[in-house]
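A.B. asks: Sharing a model prediction with you, sequence too.
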Amino acid sequence: MTYPNSLVLTLACPDTVGIVAAVAATIADHGGNITESAQYGDPDSGTHFMRVAFKGPAGLDEDRFRDIFTPVAERFGMAWRVRDVRRKQRVMILVSKMDHCLVDLLYRWKTGQLPMDVTSIVSNHRDHESHAVQAGLPFHYLPVTKETKLERETELFQIFKDEKVELGILARYMQVLSDGLSAKLSGRCINIHHSFLPSFKGANPYSRAHERGVKLIGATAHYVTTDLDEGPIIEQETERVDHAMTIDEFVAIGRGIEARVLARGVKFHLEDRVLINKNRTVVFR
Ligand SMILES: Nc1nc2c(c(=O)[nH]1)N[C@@H](CN(C=O)c1ccc(C(=O)N[C@@H](CCC(=O)O)C(=O)O)cc1)CN2
């Protein structure tokens with residue numbers, strides 16, 4: 001038996017008996033072979049979350065499975081998605097002055113570590129246009145001032161639509177997105193915050209952490225919401241620091257943490273391993 005199709009199903013629904021059995025039976029009844037499966041029942045919200053990766057025989061592709069699974073999903077009241085994992089998601093990367101996360105993402109993209117198609121680089125500064133040229137990517141320069149912020153956001157969202165972007169990555173993009181734009185990008189925009197949230201939200205977290213005398217610094221990848229640095233957390237990491245270190249040393253250590261955390265968070269999202277559970281996430285790593 002050959003399996004030309006490779007699909008991933010993600011779902012969330014009110015928790016009840018028989019969900020896993022129904023999903024597995026539907027796949028098996030149509031010749032599908034499950035290669036990876038994970039589920040979680042959240043006792044707080046009473047919601048069941050599930051991710052199933054499976055191989056499909058000829059004819060069991062994304063569209064056919066969608067038709068087959070719809071009645072099952074309706075029976076359980078599911079919010080769900082099925083996707084052909086061979087189709088890479090279209091990604092826009094946004095950056096301001098600090099390019100360490102941008103450079104790391106482009107390298108992981110070029111070396112096949114991140115299953116994505118980068119559509120363009122967007123920035124409110126021209127500093128990193130050369131990275132776009134080197135990578136053969138369009139560069140969109142959108143300078144932002146208090147007066148032009150909403151006009152620029154309209155242009156940004158138009159590019160997002162024109163390039164059929166599925167995920168925006170704020171790779172140290174230092175502009176707070178308006179409530180309107182954040183809402184439009186809900187669940188499809190990931191930010192890297194340079195602190196171990198919820199500590200030191202907002203601007204200049206390293207100098208504030210240094211002032212506080214912390215012994216650990218970190219970084220947090222999270223979905224962007226209207227509330228600054230309050231979005232559902234996808235991934236975090238910390239590293240030990242000490243009293244003898246300067247703010248600049250915190251920043252230098254932080255660059256590595258930020259790049260690793262953002263890359264892992266993006267990879268989990270691109271592999272449909274992250275499901276949003278109100279202001280939290282379920283991550284099937
Ligand atoms: N709606 C949201 N927008 C953004 C978020 C978010 O969580 N929700 N995260 C930020 C990134 N960020 C921290 O991770 C951050 C960026 C910028 C600022 C800030 O105070 N910016 C100033 C301008 C600074 C400048 O021009 O250099 C401002 O916007 O007035 C705080 C935190 C990205 N956007």
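C.D. replies: Sure, I can see it. Residues are numbered from 1 along each chain as shown.

A.B. asks: mind listing the helices for this protein?
C.D. replies: With DSSP state H as the criterion, the chain has helices at 19-29, 62-76, 100-110, 129-135, 149-162, 179-184, 205-212, 247-270.

A.B. asks: Please identify which of those helices is closest to the ligand.
C.D. replies: Taking Cβ to the nearest ligand atom, helix 179-184 is the member of those nearest to the ligand, at 4.0 Å. C-betas here are computed from N, CA, C, even on glycine.

A.B. asks: what about that closest one, distance to the chain center?
C.D. replies: Relative to its chain's centre, helix 179-184 lies at 16 Å (Cα atoms, centre = their mean, to the nearest Å).

A.B. asks: helices or strands next to it in the packing?
C.D. replies: On a contact count with 3 or more Cβ pairs under 8 Å, 6 or more residues apart in numbering; DSSP states H and E, helix 179-184 meets helix 149-162.

A.B. asks: Tell me, what's the model's pLDDT at residue 1?
C.D. replies: Note for residue 1: predicted pLDDT of 79.

A.B. asks: OK, contacts around the nearest residue to it once chain neighbours are set aside?
C.D. replies: Closest residue to residue 1 apart from its sequence neighbours, by Cβ to Cβ, 6 or more residues apart in numbering: residue 57 at 6.2 Å. By Cβ atoms under 8 Å, 6 or more residues apart in numbering, residue 57 lies in contact with 1, 2, 3, 4, 5, 30, 31, 32.

A.B. asks: Let me know how buried the third one is, in neighbour terms.
C.D. replies: Which is residue 3. 16 (other Cβ atoms under 10 Å).

A.B. asks: Give me the domain ranges for the chain.
C.D. replies: Domains of the chain are assigned by automatic domain parsing as 5-84, 89-283.

A.B. asks: Packed most tightly, which of these would that be?
C.D. replies: Comparing the domains of the chain by mean neighbour count (mean count of other Cβ atoms under 10 Å), domain 89-283 ranks first with a mean of 18.

A.B. asks: how far is it from where the chain is centred?
C.D. replies: The chain centre lies 9 Å from the centre of domain 89-283; the measure is Cα atoms, centre = their mean.

A.B. asks: tell me how far the ends of that domain are from each other?
C.D. replies: In domain 89-283, first residue to last residue: 18 Å (Cα to Cα, to the nearest Å).

A.B. asks: And the ligand, is it touching that?
C.D. replies: Yes: in terms of Cβ under 6 Å from any ligand atom, part of domain 89-283 sits within range of the ligand, namely 170, 173-177, 182, 191, 193, 202-203, 224, 226, 228-229, 231.

A.B. asks: Return the member of those nearest to residue 53.
C.D. replies: residue 231 (25.9 Å; Cβ to Cβ).
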